[in-house]
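Enquirer: need coordinates for the following:
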Amino acid sequence: MNLNEYGWNQFHQENMDMLVEELKAENYVAGRVTLEHKRMYRVMTAAGEWLSVCSGAFQHAAFERRDYPAVGDWVLVEKMPGEERGIIHAILPRTSLFSRKSAGSTISEQIIAVNVDIVFLVMSMNHDFNARRLERYMVAAYDSGATPVVVLTKMDLSDDPDHYLEMARAIAFGTDVFPVSNTTGEGIEQITDMLKNGKTAALLGSSGVGKSSLVNSIIGEGKMAVQGIREDDAKGRHTTTHRELIKIPTGGVLIDTPGMREFQLWNESESLDSGFKDIEELSASCKFTDCRHESEPGCAIRNALETGKLARERYSNYVKLQKEIAFLDRKMDRQAQAAERDKWKKITKGMRKHPSKKK
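Expert: Next comes the predicted model:
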């Protein structure tokens, strides 16, 4: 198996060489995680695909979600003698990491994909198009380190494709926006042209936007099951139930992900301004550098809202995301402080149980 077709490059090779030297284990080989299921991983190596688990030492040193492998990771793996199985000993440094806050009230990170060059943000040209959701996707994509690309599906079924195209372009400043039809194949070639020379892309979108159909169009076969949308509200049914890395004919790989209707940003989202470049530029024009955009004179934001240059819904979502990230930061800080207290309590308790002997 040629790992270059799975995205292996000089950057990964150099990091592998350093890790092998550090761990003093020349029998370890490189592999890419193609599938994850309950801490078991399918890892593609030059010798084939192995079902793998993390070593005991690896798990002992792992404390949070991003310490464990995820789909798209390059890992150092050791083959079990006489079996098509492997033991993962280390994760190679990542080039990008796309994550979100886990659904619900739990404060934890859910990793969507890693080592991704391009994130295809997929939305359909129907009533399920959600401008506020696209804004969230854009912020998370910029924060991940990957290049965002907006893909608008179901062009052939849309009553007014130009309307949705204009809305997407108004949100995704400086980002490519491609309308496509999985039925007629229109626009698919523009997508596949990006996926060459070992490039890795991930598909992100809610249920029913046509991600699985898009995968089938890209790879040229009916690999992924597809389902229709509910006619009453244009919302989709879940088709993809897991993340999977798929090799495609043009020489790249694609990571398909389950549909996500809820998408909360993770606390490291420092790229809010990148997703709202228009608001950032307006804010820089305010008379006062510490302008809160409330009642200050010479506020460019308030002026843009009053004249209609800036949509109130877009600005409201910007403020909402600022508050959401600030709240998550505070929660994470409290959790870190509590974890630190618990650690020292355990250390103190251990010292009481094993007092030093008096000489």
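
Enquirer: contacts, neighbours, all on C-alpha from now
Expert: Fine.

Enquirer: what sits against the closest residue to residue 177 other than its chain neighbours?
Expert: Nearest non-adjacent residue to residue 177, counting by CA to CA, 6 or more residues apart in numbering: residue 150, 4.6 Å away. Residues near residue 150 by CA atoms under 8 Å, 6 or more residues apart in numbering: 120-123, 168, 172, 175-178.

Enquirer: please repeat the previous calculation with a cut-off of 10 Å.
Expert: Going by CA atoms under 10 Å, 6 or more residues apart in numbering, residue 150 touches 119-123, 134, 137-138, 165, 168-169, 172, 175-179, 204.

Enquirer: next one: residue 250
Expert: 5, 192-199, 218-219.

Enquirer: looking at those, which are in helices?
Expert: Cross-referencing those against helices under DSSP state H gives 192, 218-219.

Enquirer: pLDDT check: weakest of those?
Expert: Ranked by pLDDT, these bottom out at residue 219 (87).

Enquirer: ok, it - contacts?
Expert: Neighbours of residue 219 in contact, by CA under 10 Å, 6+ apart: 192, 246-250, 253-254.

Enquirer: which of the residues you listed lies closest to residue 159?
Expert: Distance to residue 159, by CA to CA, is smallest for residue 192 among these, at 26.0 Å.

Enquirer: in space, what's closest to that closest one - neighbours in sequence excluded?
Expert: Counting by CA to CA, 6+ apart, the nearest residue to residue 192 once its immediate chain neighbours are dropped is residue 218, at 6.2 Å.

Enquirer: ok, the one you found to residue 93 distance?
Expert: Residue 218 sits 29 Å away from residue 93, taking CA to CA, to the nearest Å as the criterion.

Enquirer: could you do residue 63 as well?
Expert: Relative to residue 93, and taking CA to CA, residue 63 is found at 17 Å.

Enquirer: out of those two, which sits in the busier spot?
Expert: More neighbours surround residue 93 than the other of residue 63 and residue 93, with 15 against 9 (other CA atoms under 10 Å).

Enquirer: and the more buried one, helix, strand or coil?
Expert: When classified by DSSP: H, G, I helix; E, B strand; the rest coil, residue 93 comes out as coil.

Enquirer: secondary structure element holding the closest residue to it other than its chain neighbours?
Expert: Leaving out its chain neighbours, the residue that sits closest to residue 93 by CA to CA, 6+ apart is residue 15, at 7.1 Å. If you go by DSSP states H and E, residue 15 is part of helix 10-23.

Enquirer: helices or strands next to that helix in the packing?
Expert: With contacts taken as 3 or more CA pairs under 10 Å, 6 or more residues apart in numbering; DSSP states H and E, helix 10-23 sits against strand 29-37, strand 74-79, strand 85-91.

Enquirer: give the pairing partners of the last one; include direction for each.
Expert: So the one you mean is strand 85-91. Its sheet considered, strand 85-91 pairs with strand 48-54 (parallel), strand 74-79 (antiparallel) by DSSP bridges.

Enquirer: and the angle from it to strand 29-37?
Expert: Inter-element angle recorded for strand 85-91 and strand 29-37: 100 degrees (by axes from the mean of the first three to the mean of the last three CA atoms, to 10 degrees).

Enquirer: check contacts around the residue most central in space within the chain.
Expert: The centroid of the chain falls nearest to residue 98 when counting by CA atoms, centre = their mean (2.5 Å). Shown in contact with residue 98 (CA under 10 Å, 6+ apart): 110-116, 119, 140-146, 202, 266.

Enquirer: same thing with residue 77?
Expert: Neighbouring residues of residue 77 by CA under 10 Å, 6+ apart: 27-32, 43-45, 50, 52-55, 85-91.
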